[in-house]
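> next one to model:
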Amino acid sequence: MVSPVRCGNGRALQNDTSNQKRCYMFRLTNFCSNWEFVAFYYIEPFVTEKQRKFYRTEIMRNVEEIYQILNNRGHKIRPKHPEETLQRTIQNMRDKKWINFLDRGEYELTDEGYKMLLKVKGKIQHFKENKEGDWLEEFT
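This next block holds a predicted model:
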């Protein structure tokens with residue numbers, strides 16, 4: 001069950017019917033951004049419990065897929081600058097202490113970031129398996 005709490009970005013969570021723009025992300029601590037889901041979606045294949053480093057070039061490789069992810073998550077279909085928005089999301093995740101910036105284009109998930117990835121990993125896998133379907137049904 002999702003609690004009726006506003007997301008930090010001003011969008012309402014799924015059971016708040018007072019706002020047409022909804023955050024369809026399941027409720028996790030400080031986690032309701034479609035863009036954070038996108039970031040974890042791209043980071044997930046490159047990290048393990050023991051190997052947490054990843055590179056900007058790896059996560060920016062299939063940026064055109066962002067449109068499909070966001071569309072299936074109820075977000076606007078065509079963001080104007082998805083690469084810049086994803087990069088800003090990575091910076092926000094650094095501010096939340098989920099990611100450390102090691103060097104230019106080199107990042108590492110923190111322990112807290114890895115915990116968040118584990119929480120969302122099942123949803124990422126579900127999305128990958130059901131890309132063509134209406135993935136939002138589970139959360140509405």
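> who touches stretch 53-62?
Residues outside stretch 53-62 that contact it (CB atoms under 8 Å, 6 or more residues apart in numbering): 39, 42-43, 46-47, 83, 86-87, 90, 102, 105-109. (C-beta placed from N, C-alpha, C; glycine too.)
> repeat the analysis, applying 6 Å as the threshold.
Residues outside stretch 53-62 that contact it (CB atoms under 6 Å, 6 or more residues apart in numbering): Y42, I43, F46, V47, G105, E106, Y107, E108.
> for that stretch, buried residues please.
Buried residues in stretch 53-62, counting neighbours by 16 or more other CB atoms under 10 Å, are found at F54, R56, I59, M60.
> now a ChimeraX select for only the buried ones of the contacts of stretch 53-62.
Buried subset of those, written as a ChimeraX selection, criterion 16+ other CB under 10 Å:
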select :42,43,47,107,108
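> now the helices for this structure?
Ranges of helices in the chain, per DSSP state H, are 34-43, 56-59, 66-72, 82-95, 111-129.
> for the protein, which spans come out with low pLDDT?
Low-confidence segments of the chain (pLDDT under 70): 1-32, 76-77, 131-140.
> repeat the analysis, applying 80 as the threshold.
Under the criterion pLDDT under 80, the flagged ranges of the chain are 1-32, 63-64, 67-79, 130-140.
> tell me the one of the contacts of stretch 53-62 nearest E65?
Y42 (8.5 Å; CB to CB).
> now do the contacts for that closest one.
Neighbour list for Y42: I59 [criterion: CB under 6 Å, 6+ apart].
> all set, thanks.
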